[in-house]
Every structure is written in C-alpha cells, then in structure tokens.
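> Need coordinates for the below:
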Amino acid sequence: MKVLGIESSCDETAAAVVADGRVILGSVIWSQVAIHAPFGGVVPEIASRNHLCSIVPVVSQALDQAGVTLADIDGLSVTIGPGLIGSLLVGVQFAKGLALATGLPLVGVNHLEGHVMAAFLVNDREPPRYPFVALAVSGGHTSLYLMHAPGRITLMGRTRDDAAGEAFDKAAAVLGLPYPGGVAIDRVSAGRDPGTVRFPRSMISDGFDMSFSGLKTALRRHLELMDHKPSADEVADIAAAFQEAVVDVLVSKTSNAARLHGVQDVVIAGGVAANRRLRARMAEAMTRDGRTLHAVPIALCTDNAAMIAGLGHTYLFGDLKDADAPRGIDMDPFVRRVDDGW
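From the prediction side, this is the model:
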C-alpha cells in the first residue's frame, strides 16, 4: 500500500511516497533556510506564503521520484500539528483538496509522533520494539515519550520553556555564529574542550521535565563577565561547553526514563537528534546500560514527509485502521487528538 505524505508544519515543504509504512519510494524537501536566515529565525508569514508557492511542484516531484502517479496512491497523510498555523493550513487544505478530487482516504497525524516513527523507516536494521522510550528533540519541541504500541503514547516529560534546538539557535546568535544555530554549534564544537566553562544543568535530577532558558542566561552572563571579546577559539570552546550542558540533560533524562520503565529500546528523533555529540553520548549511555539505541538517520531527523507517510500507513492500513482511538494521544496539549471532525 502506497501512501503520499505531506508535511508543512514550519519552514520545510515536503512530500513523500512510502510503501507499506517502511519503504521510501520518493521524498522531496524544499527548505526555506536561506530565506529566513537574514531574520535569524523562521518568520511565520513568510513561511506560509512560500509553502503556497512550493507545495504543488514538491508533491509532483515526489511522485515523479517514486515513479508513480496519483492513480497508484492508496492513501494520503498530512501533518495537522503541532506547528505554525499558517504553514499547517497550506498542507492540510492541499491534502483535503487532493482527497476530494481523487476519492483517496486521508488521515491527519501528529508531527511529533511522525518524528518518532521515522525510526521504522530504516530498512537495513531491526525497528524498535514496543514498549520503547523516545526523545523527540528539535527547535520547537523537547519531549520524552513512552511508546506502548502504535497509537498508544504517554508523555513523560518535556521542556518547561525553550526547546533544546531553540536554545542552540539563540546561543549561536549571542556567540555571533550563523543561522541555523544548532548546525553552527555542532560544527564549531567538534574537537573542542567542553570543560572550559561549567554551565548549569537545570532540573537534571528533577523528574522528566526539562528547562533550558536559564542556560541561555548563564551563557550571556559569562560573555558579559569576560574582559575582552572572545576569539574564534574561545567561541568554539564556549559553544562546546554550552552544547555539553544541553546534551548532559537530554542523555540523563532519557537514560533515567529507560531504566524506570525497563525498556530495551530507545529512540532519538527530531532535528537536534542530528547533533553528533548527542548521538555519540546517547550511544555510549545506552551501550553502558545494555540497551539498543535507534538514532533516526540524519536525513530523516529534520522535518520530512516520509515520516508522515509512514505514520499515515499505520492509521490507514496498519494496526489502527479499524481502531476507534485518538491519534497521538497524550502527545502534547496543543494537539490532543484527531477526531472525525478535523
């Protein structure tokens, strides 16, 4: 069964065709990073207008890349949130129009659940086994989930303020590094000494919630107390120390969650899951504990439609096709459920 997925939750317009929920036949992502870089972040109105311009060619390219036409598609899947409302509207309305015109079944899915379920799109290794713990970490979200079964998800903890990716972006701006900040910090931190500065690890031993806003304040305060403008080498060391503080919290929380629930498998997903230091430290921690880490491939960490198509297959044709259950229950307060009226 082939599902066409559409993703437009933030600043990437994406479409993909996935077969049987596992095999990516075609995936196209049109990024707006260059457009938003002068502003140091995503401008919602600009993002929405560019989705309008790009969604038709992106969907067409995804179908061409997969070697199929709409006549070969069995179902449609689209991100309905969380995300920027204007951006989401473009993808949802396009998907609804496509469903109306073709008569294909359409399902709306949760963006964060899609990130986690991207771990099932890896064909050269075994997928994670339920139940498993998942860390979804990106520029807009940092959350820990216990995945009981397809569609049965419990939110264990999340950031109380900034997401880890947002903290990286803002730290990079303060340090004079380019946007996107997470990529810049990852790059300049390579091979540097993270022990040069000891930044705080907020809430590291307090449940599964997290906080990163105080870490940004600590960084700014450290720079204010320096008696000179930091050199490029000093910026790199400070960035490495900041990165280590974020990674320490993420690894500690995820490891504690896995121990508490006695799970064998752990998934890390989302844009920040592409961070090399996080992937290395998480792999070390899971190996030490005798667990299996499923780090979503870097190509599937950032927003993409393959994860939406794969998850859509589960709801349309998989274990949940006949289940009267909410989609993405307990994922986040903004998108609690999807019912027939969406």
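
> And residue 266, how close does it get to residue 149?
17 Å (Cβ to Cβ, to the nearest Å). C-beta coordinates here come from the backbone N, C-alpha and C atoms, glycine included.

> again, but for residue 91
Taken as Cβ to Cβ, the spacing of residue 91 relative to residue 149 amounts to 27 Å.

> Quickly list the domain ranges of this structure.
Following the assignment in automatic domain parsing, the chain carries domains at 2-121+300-316, 132-295.

> Would you reformat those as TSV and include mean pLDDT and mean neighbour count?
Written out in TSV, the entries for these read as follows (pLDDT from 0 to 100; neighbours: other Cβ atoms under 10 Å):
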stretch	mean pLDDT	mean neighbour count
domain 2-121+300-316	94	21
domain 132-295	94	19
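
> Surely residue 255 is in contact with residue 285?
Yes: the pair residue 255 / residue 285 is scored as a contact, 5.0 Å apart, by Cβ atoms under 8 Å.

> Give the intersection of the neighbour lists for these two.
When contacts are counted by Cβ atoms under 8 Å, 6 or more residues apart in numbering, residue 255 and residue 285 have no shared neighbour.

> all strands for the stretch 151-300 of the chain, in order.
Secondary structure of the stretch 151-300 of the chain (DSSP state E, counting those that start in this stretch): strands at 152-158, 265-269, 292-295.

> ok, the residue in the chain sticking out farthest from the centre to residue 234 distance?
Among the residues of the chain, the one whose C-alpha is farthest from the average of all C-alpha positions is residue 227, by Cα atoms, centre = their mean at 38.4 Å. As judged by Cβ to Cβ, residue 227 and residue 234 stand 12 Å apart.

> And for residue 243?
Applying Cβ to Cβ, one obtains 15 Å for the distance of residue 243 from residue 234.

> go on, residue 216?
Between residue 216 and residue 234 the distance, using Cβ to Cβ, works out to 18 Å.

> And the helices in this structure?
Under the criterion DSSP state H, helices of the chain are mapped to 33-36, 44-66, 85-102, 111-117, 164-175, 181-189, 213-225, 232-261, 276-289, 306-316.

> Can you tell me what sits against the second one?
By Cβ under 8 Å, 6+ apart, the residues outside helix 44-66 that reach it are 2, 4, 6, 8, 10-11, 13-17, 25-30, 32, 35-36, 69-70, 73, 84-87, 89-91, 94, 98, 305.

> Could you tell me the end-to-end distance of stretch 290-308?
Distance between the boundary residues of stretch 290-308 (Cα to Cα, to the nearest Å) amounts to 31 Å.

> That stretch: how far from the chain's middle?
Taking the mean of its C-alpha atoms, stretch 290-308 sits 8 Å from the chain's own mean (Cα atoms, centre = their mean, to the nearest Å).

> Could you do stretch 14-33 as well?
Here stretch 14-33 shows a centroid-to-chain-centroid distance of 15 Å under the convention Cα atoms, centre = their mean.

> Any idea how far apart the tips of it sit?
Using Cα to Cα, the gap from the first to the last residue of stretch 14-33 comes to 14 Å.

> Let's have the strands of the stretch 151-300 of the chain in TSV, adding distance to residue 176.
Compiled in TSV, these are given as follows (distance: least, Cβ to Cβ, whole Å):
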stretch	distance to residue 176
strand 152-158	30
strand 265-269	29
strand 292-295	30
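
> thinking again about what came up before, who wins for proximity to residue 207 among the helices of the chain?
Of all the helices of the chain, it is helix 232-261 that lies closest to residue 207, at 8.6 Å by Cβ to Cβ.

> and the closest one with helix 276-289, angle?
40 degrees (axes from the mean of the first three to the mean of the last three Cα atoms, to 10 degrees).

> For the remainder of this discussion, apply numbering that starts at 687.
Happy to do that; since the first residue is 687 now, the last one works out to helix 918-947.

> I figured residue 871 hits residue 860, correct?
No: shown here, residue 871 and residue 860 do not form a contact pair, counting by Cβ under 8 Å, at 11.0 Å.
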